[in-house]
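**Q** Here's a sequence, model it:
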Amino acid sequence: LTNSQMYAPAGSATICDSLGNLLFYTNGSTVWNRNLEVMLHGTSLFGDSTATQSANILQHPEDSLKYYIFTNRRYPGPDSTYTGGHFYMVDFKNNSVGRIRLEESSNSPDEGMTPMATEKFMAIPYGALTVGANGKKGYWIITHQINSNMFTVFQLDSTLRFFNTQEQGSGHGTQVAGYMKANLRGDRFALARWKWVQVFDFSRRNGEITYRHHLYGDQSSNRDSYVYYTYGLEFSPSGRYLYCTGRDGGMIYRWDMSRTNTRDIRKSAKFLRHKPEEPTGALQLAPDGKIYVALQGQDHLGVIHAPDQAFPNYEDQGVRLVDNNTGESALSGLGLPTDLSFNWQAPPFYITYTCFGKPTLFYLTDTVGLTGNPYWTIYTAGSQIPIDAVESTGTFDAWYNFPDTGNFRVVMHANYSGEDLAHERMIKIHGIQA
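**A** Residues are numbered from 1 along each chain as shown. Reported below is the predicted structural model:
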């Protein structure tokens, strides 16, 4: 939005309908409707725009006209006793711009979901035969408690209810900021904890959390250490790589999570950025397969163009925050609007680099179960006769030089576990830098 009414230096969330039309947005304290007006009962929510994951939006699993907003507050200190993780019901029934139903919300300070809550929040869809769900669709809701290794788990289907608490992890610190993020499959998640990152497995069937890896680097007293003040987290589309930002060091780095033990994962660390004068914040995977990076105080976002590739191609000035109509620019904060990535499915392959005269990269989103080498056939738009084909040579990706600018159809052919899969995507080759 170029005319947003919201101030959000850290967390925020927005939601659209299936056609991409704005429904509402929030910074965790105030909710604005699609007309950019404050929603009925949409003020004084128990969130905080300076909290990392201050606002998160989920559509009600059984009612398409209702949405939950989950909020977190900025934690004031280890001696506070307030509860966090408040929830609010947004209802569009008989109201085209939505309203908050206070009678279905936790609308007082002591009605939060989690005692001594951090600024972290995560939602993961149910798996097959989820316990307690009776065949319903729904979500696991997970929060984290300060100064502990304690997670609080809830279930959301026809109702929102407490499931259990689980103690998993090793060591703990007072840092409450930083993200908690799951991969697209929902079977693994990561937690930013000041000078380290912890990685856990998760069962979508029974909600069980299992601690797996403790990733860290230099001493926290070294402000340029690549894990000093871990903040943003994101998995690549396949889940093979885990990306993290070191906020105060202005760093971006990643680990190869396909390694079998913690020591080898630590050794796999790859550095993409180091600018201590420009802090890095949130990381967000988008449906185009790219990861976007919040760069505090800058008029642009960083972009990791190919996060599943050995060379992920990070671009510091990847997207300018400029209004094309007025030429006015905005500055990034530490956050990006929360996208609970299970709302969309990654396509079987991605395409990157679309400038004429330079090779274009095709690469698979996932290689689990892949047999043989995939290949891609290329067609001009509207034609059923291929103009060319290109095959992977064992790296599960391929480069191709398009013969001209314009629109093309690219069809991927691959075999997964004995089953042939074909998937097509349209692509536009640009005559200038895209």
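**Q** where does this protein have low pLDDT?
**A** Under the criterion pLDDT under 70, the flagged ranges of the chain are 75-82, 172-174, 217-228, 340-344, 432-434.
**Q** what residue of it is the furthest out?
**A** Ile385 (38.6 Å; CA atoms, centre = their mean).
**Q** Show the contacting residues for Arg425.
**A** By CB atoms under 8 Å, 6 or more residues apart in numbering, the residues touching Arg425 are Pro347, Phe349, Ile351, Arg409, Val410, Met412. Every C-beta, even on glycine, is put in place using the N, C-alpha and C of the backbone.
**Q** isn't the fifth one right next to Thr354, touching?
**A** So that's Val410. No. Shown here, Val410 and Thr354 do not form a contact pair, counting by CB atoms under 8 Å, at 11.0 Å.
**Q** neighbour count winner among the two?
**A** The neighbour count for Val410 versus Thr354, taken as other CB atoms under 10 Å, is higher for Val410 (20 against 17).
**Q** Now do the contacts for Leu361.
**A** By CB under 8 Å, 6+ apart, the neighbours of Leu361 are Ala306, Gln309, Ile351, Thr352, Tyr353, Asp397, Ala398, Trp399.
**Q** With neighbour count and distance to Met116 added, can I get these in TSV?
**A** As requested, the contacts of Leu361 are exported to TSV (neighbours: other CB atoms under 10 Å; distance: CB to CB, whole Å):
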residue	neighbour count	distance to Met116
Ala306	21	40
Gln309	19	41
Ile351	21	46
Thr352	16	43
Tyr353	16	47
Asp397	21	46
Ala398	22	51
Trp399	13	52
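**Q** Do you have the helices of the stretch 251-400 of the chain handy? List them.
**A** Here the stretch 251-400 of the chain has its helices, by DSSP state H, counting those that start in this stretch, at 262-267.
**Q** Next, show the common contact partners of Val410 and Thr354.
**A** Here Val410 and Thr354 have Ile427 as joint contacts, going by CB under 8 Å, 6+ apart.
**Q** how near is Asp157 to Leu58?
**A** Distance, Asp157 to Leu58, by CB to CB, to the nearest Å: 11 Å.
**Q** Common neighbours of the two, please.
**A** Tyr139.
**Q** Arg212: what's it in contact with?
**A** Contacts of Arg212 by CB under 8 Å, 6+ apart are Arg188, Val199, Phe200, Asp201, Thr262.
**Q** for Pro9, same thing?
**A** Ser49, Thr50, Gly333, Leu334, Gly335.
**Q** So which bits of stretch 363-382 are buried?
**A** Neighbour counts using 16 or more other CB atoms under 10 Å place Tyr363, Leu364, Thr365, Asp366, Thr367, Leu370, Pro374, Trp376, Thr377, Ile378, Tyr379 of stretch 363-382 among the buried residues.
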